[in-house]
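[1] sequence first, then the predicted structure:
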Amino acid sequence: TRATAVVSPDAIMPGDQGQQGINLASLSLDHLGQLKQALEQEVEALTSSYMQLRVAFNRYNNSRDAIKRFSEQEPNQEMLVPLTNSLYVPGTIDNVQDLLVDVGTGYYIEKSTEQTQAFLGRKIELVKVKLSELEAAMAGKRQNVDQVIMVIQQKTHVMRAQQAQEAQGAAQVEV
C-alpha cells in the first residue's frame, strides 16, 4: 500500500491552494520523523489559535448578555462601575440606550444597544466560521500525523524483519 499525506509549509485551511502530495513510502525514517514533528507543531499552533478564538467567542457572548441585562436597567439607578479588575466606584446609570463600543485598536464608537447587539452578533458569527475552519484544519493535520506514524511503524517493522532475516542467514552460514 502507498500512503501519501497532504503537506504544506503553512497551516492547511479549507480551500487552501498550493497543497502538495508527498509519497510517504519514499521518505526515509529520518525524514518521516522530521515531517511528523513539523505536523505536530502545526497541530499545536492550530490548537493554540483555536483556544484563543474560543476565548474571544466567550467574551463576545458575555458582552452580548451584559448589554441585554444593562439595557433592562432603569436610568438613574445606582451601580458599581469597574475602574480595574478589582477596583469599583459608585455611579449612576444616565443612559441605557447609548453605549461606547470598543471596535478594536483602541477605538471606541458610540452605538445604540441595538447596533451594539448587531455588531456583537456579526463578530460572534465571524468567530464561529473561523472556529469551524480551524476544526477542519486540525482534523486534516491530525490525519496527516496519523498517516506518517503508520508509515513509520510499517517501515520500522520491515526493517526489523530484514534485520532478523539477515541475522538468521548469518547464523546459517556459520553452521
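    Structure received. Residues are numbered from 1 along each chain as shown.
[2] residues contacting the residue nearest in space to the middle of the chain?
    For the chain, residue 50 is the residue whose C-alpha lies nearest the centre (Cα atoms, centre = their mean; 2.5 Å). Counting by Cβ atoms under 8 Å, 6 or more residues apart in numbering, residue 50 makes contact with 131, 134, 135, 138. Just so you know, the C-beta spots here come from the backbone N, C-alpha and C atoms, and that holds for glycine as well.
[3] so which of the residues you listed sit within helices?
    Cross-referencing the contacts of residue 50 against helices under DSSP state H gives 131, 134, 135, 138.
[4] report the two of the residues you listed separated the most.
    131 and 138 (10.4 Å; Cβ to Cβ).
[5] now the ones in helices among the contacts of residue 50 in TSV, with distance to residue 121 and neighbour count?
    What follows is these, written out as TSV (distance: Cβ to Cβ, whole Å; neighbours: other Cβ atoms under 10 Å):
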residue	distance to residue 121	neighbour count
131	16	16
134	20	21
135	21	13
138	26	20
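[6] closest to residue 30 among those residues?
    Nearest to residue 30 among the ones in helices among the contacts of residue 50: residue 138, at 26.1 Å, using Cβ to Cβ.
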